[in-house]
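Participant: Here is a sequence with its predicted model. Questions after.
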Amino acid sequence: MKPIYVSNFPKLPIVQTSKTQPQPSQAQGSSFSNHLKEAIQQQSGLKASKHAMERMNERGIQLDESSWSKLQSKVLEAKQMGLKESLVLMKDSAFIVSANNETIITAMSRKEANEQIFTNITGTIVLE
C-alpha cells in the first residue's frame, strides 16, 4: 500500500488500514479516556486507589497542591528507604499508603486515626 502524505505537515506517512481488522469495543477493554487517566496517574507518581478516593469523598478530605506534593515526596522517600506500607499523619487527615506501589490505600480523618490500631505498617510519616 502506498503511503499518503498530508500537506502543511512534515512528511509522515498515513497508512490506511483495511476494514477487516478487529476494532476494540467496550466489552473487550477500557475506553480511551480510562487508558488516558491511567497513563496520567502512572506519570504523576503517587495515586489514590478507588477505595481511598471513596473514603476521601465520604469524609470530606481534600488535599491542596502543596500538601499533595509534600505527601508524594515523602512517599517516594519512604519507597527509597525500602518501606512497604506507611501510616501518613497530616494535620486533619491520615492515610495508609503503599510506598512500594506509590498508592494511597485508604484515608480517614485525624480524629478517626487517633482511635485506631494500625498493623502491618513498616513506617510512619508525620506531616503537619
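Facilitator: Yep, that arrived.

Participant: Quick check: buried residues in the helix or strand hosting Ile105?
Facilitator: Here Ile105, judged by DSSP states H and E, is contained in strand 103-109. Across strand 103-109, burial judged by 16 or more other Cβ atoms under 10 Å covers Thr103, Ile104, Ile105, Ala107, Met108. All C-beta atoms are positioned from the backbone trio N, CA, C, and that covers glycine.

Participant: now swap in stretch 115-123 and tell me
Facilitator: Gly123.

Participant: Can I get the buried residues of strand 103-109 in TSV including distance to Leu76?
Facilitator: Listed next are those as TSV, based on distance: Cβ to Cβ, whole Å:
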residue	distance to Leu76
Thr103	12
Ile104	13
Ile105	16
Ala107	19
Met108	22
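
Participant: tell me which of those residues is nearest to Val97?
Facilitator: Of all the buried residues of strand 103-109, Val97 sits closest to Ile104, with 5.3 Å by Cβ to Cβ.

Participant: Now do the strand holding Ile105: everything it contacts.
Facilitator: For strand 103-109, the surrounding residues in contact (Cβ atoms under 8 Å, 6 or more residues apart in numbering) are 46-49, 51-52, 55-56, 59, 61, 85, 92-98, 116.

Participant: Just those: which are in helices?
Facilitator: Members of those lying in helices (criterion: DSSP state H): His51, Ala52, Arg55, Met56, Arg59.
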